[in-house]
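Novice: Predicted model follows, preceded by the sequence.
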Amino acid sequence: MSNKLDMLEATCNGLVRRMVRLPQTISRAVDQRVDLMRNRPQYPPPNVPFNHNQHPPLDHSNHNYFQPGSGFLASFEQQYGLVHPFFYACRFEEVLKMAQDEHKFVFLYLHSPNHPFTPLFCKDTLCSEVVVQFLDTNFVSWGDVVDRDEGLHLATTLRPTIFPFCAVVARGLDNSLTVVQQMEGPMSPEELVEILQTMLEEQGLACDNRRAKEEEKRRADIRLRQEQDAAYAESLQADQEKETKLIRKKRQQQDNATQNAKDAKIVIRFPNGERKEKTFSHLDKIEAIFRFIDSLGLPGVAGNYKLVSTFPRKVYGIDCTKMTLKDAGFYPEATLFIELV
């Protein structure tokens with residue numbers, strides 16, 4: 001028996017761990033919350049994304065609901081003890097949701113109890129302290145037996161070529177399943193951790209690049225918003241200044257109109273036939289008209305004249321200079337003749 005195991009192990013030593021893409025959907029149901037069988041402290045998530053091909057959405061049309069894999073866990077612990085990765089005893093779909101919420105990957109182990117490589121792998125690799133600590137720190141682990149329930153369904157879908165069989169999976173877009181890394185055949189604890197660590201580092205680099213692009217886009221969006229806000233503020237200020245000018249202009253026009261409505265237009269005709277026109281306030285006195293005529297400096301006119309209106313004829317002399325133009329009837333307009341004394 002030992003020789004057969006050695007031959008089988010030698011045959012698999014050359015196996016290359018490969019990336020596998022699922023050709024079909026994985027059907028499973030979700031109808032209850034996670035029912036954890038044990039309570040073990042969890043380490044902070046590495047917060048890395050997955051960056052592989054997405055597969056079609058999970059098909060929920062199959063109503064043959066699977067029961068949590070507590071049978072696998074009980075039989076595993078009975079044979080290999082209590083020191084092992086923390087396998088969640090719940091439906092596979094619930095583990096995918098849990099890992100998504102914690103920003104982790106799912107470490108999937110399909111257990112083939114009758115395969116000759118299984119005991120050595122479980123005892124020396126899967127239950128080794130370094131693997132247990134690494135998986136519990138960085139992954140959400142789940143396992144099941146390959147010949148029943150969800151384990152059989154996953155084995156049928158993933159089609160392992162040899163056991164032991166492990167995979168790193170995550171929920172993708174549109175509720176699809178993404179296989180990030182698939183590992184088959186026997187391996188040492190160091191080999192398993194190295195494969196998983198390399199995968200995490202690659203995903204971390206992809207995450208850094210994605211974050212850098214997101215940060216660049218975020219800053220570009222901030223600059224764009226700031227430029228838009230500045231342009232809007234400038235446009236708003238220009239509109240406000242324009243509106244203020246229009247209001248001032250309108251008020252000025254109203255003031256001018258009001259002032260014009262109170263102006264008195266006086267036409268003065270001189271003895272030589274010359275005609276002068278002057279606008280006064282309706283509250284100005286007649287003496288303002290006399291001062292205007294005197295300021296013209298016409299020969300023979302200064303101080304030796306009276307103002308005469310027609311229709312009806314009325315003479316305004318020095319004794320009438322304190323009368324306002326409105327009271328004299330010169331508002332809004334009047335024509336006055338100069339009559340020399």
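Specialist: That came through fine.

Novice: any idea of the mean pLDDT in stretch 106-121?
Specialist: Averaging pLDDT along stretch 106-121 gives 95.

Novice: quick one: the strands in the stretch 51-200 of the chain?
Specialist: Using DSSP state E, counting those that start in this stretch, the strands of the stretch 51-200 of the chain run over residues 105-111, 139-145, 165-171, 177-184.

Novice: okay, how far is it across stretch 289-301, tip to tip?
Specialist: This stretch, stretch 289-301, spans 13 Å end to end (C-alpha to C-alpha, to the nearest Å).

Novice: Name the residues that touch that stretch?
Specialist: For stretch 289-301, the external contacting residues (C-beta atoms under 8 Å, 6 or more residues apart in numbering) are 266, 268, 270-271, 276, 278, 280, 302-303, 305, 307, 321, 325, 336, 338, 340. C-beta: built from backbone N, CA, C; applies to glycine.

Novice: Recalculate using a threshold of 7 Å.
Specialist: Applying C-beta atoms under 7 Å, 6 or more residues apart in numbering, the set of residues contacting stretch 289-301 from outside is Ile266, Ile268, Phe270, Lys278, Ala302, Leu307, Thr321, Ile338.

Novice: the domain parsing of the chain - what is it?
Specialist: Using automatic domain parsing, the domain ranges for the chain come out as 2-213, 263-340.

Novice: any idea which of the ones you listed is most buried?
Specialist: domain 2-213 (a mean of 17; mean count of other C-beta atoms under 10 Å).

Novice: re the thing from before, could the strands of the stretch 51-200 of the chain go into a markdown table alongside distance to Phe86?
Specialist: Shown next, in a markdown table, are the strands of the stretch 51-200 of the chain (distance: least, C-beta to C-beta, whole Å):
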| stretch | distance to Phe86 |
| --- | --- |
| strand 105-111 | 10 |
| strand 139-145 | 6 |
| strand 165-171 | 15 |
| strand 177-184 | 19 |
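
Novice: Mind checking those strands for the one nearest to Cys122?
Specialist: strand 105-111 (7.8 Å; C-beta to C-beta).

Novice: Residues contacting the host helix or strand of Ile338, please?
Specialist: Using DSSP states H and E, Ile338 sits in strand 333-340. For strand 333-340, contacts defined as C-beta under 7 Å, 6+ apart pick out 264-271, 293, 301, 304-309.

Novice: among those residues, which are in strands?
Specialist: Ala264, Lys265, Ile266, Val267, Ile268, Arg269, Tyr305, Lys306, Leu307, Val308, Ser309 (DSSP state E).

Novice: re earlier: which member of the contacts of strand 333-340 is positioned nearest Gln182?
Specialist: Nearest to Gln182 among those: Lys265, at 103.4 Å, using C-beta to C-beta.

Novice: pretty sure the closest one is touching Thr279, no?
Specialist: Yes: look at Lys265 against Thr279 with C-beta atoms under 7 Å: they come within range, at 5.4 Å.

Novice: Would you format the domains of the chain as TSV with distance to Glu243 included?
Specialist: Formatted as TSV, these follow (distance: least, C-beta to C-beta, whole Å):
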stretch	distance to Glu243
domain 2-213	44
domain 263-340	30
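
Novice: which stretch in those has the least confidence?
Specialist: Lowest mean pLDDT of these: domain 2-213, a mean of 73.

Novice: re earlier: starting from the strand holding Ile338, tell me which strands it pairs with and how they run.
Specialist: strand 263-269 (parallel), strand 305-309 (antiparallel) (DSSP bridges).

Novice: Only alpha carbons, please: show the shortest one as PDB.
Specialist: The C-alpha trace of strand 305-309 is given here as PDB (Å, rounded to 0.1, in the frame of the first residue of the first chain):
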ATOM      1  CA  TYR A 305     -36.800 145.200 -18.600                       C
ATOM      2  CA  LYS A 306     -39.900 143.400 -17.500                       C
ATOM      3  CA  LEU A 307     -41.200 139.900 -18.400                       C
ATOM      4  CA  VAL A 308     -44.500 139.700 -20.200                       C
ATOM      5  CA  SER A 309     -46.700 136.700 -20.800                       C
END
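
Novice: now the helix or strand just after that strand: how far from the chain's centre is it?
Specialist: Downstream of strand 305-309, the next assigned helix or strand under DSSP H and E is strand 314-316. Put simply, strand 314-316 sits 85 Å off its chain's centre (C-alpha atoms, centre = their mean, to the nearest Å).

Novice: Equivalent analysis for stretch 160-169, please.
Specialist: 41 Å.

Novice: Check stretch 317-325 too.
Specialist: Worked out by C-alpha atoms, centre = their mean, stretch 317-325 lies 80 Å from the chain centre.

Novice: Regarding that stretch, how distant is the last residue from the first?
Specialist: With C-alpha to C-alpha as the measure, the ends of stretch 317-325 fall 14 Å from one another.

Novice: same deal with stretch 142-161?
Specialist: 20 Å.

Novice: any idea how far the closest residue to Val193 other than its chain neighbours is from Glu202?
Specialist: In space, and not counting its chain neighbours, Val193 is closest to Phe134: 5.2 Å by C-beta to C-beta, 6 or more residues apart in numbering. Distance of Phe134 to Glu202, computed by C-beta to C-beta, to the nearest Å: 16 Å.
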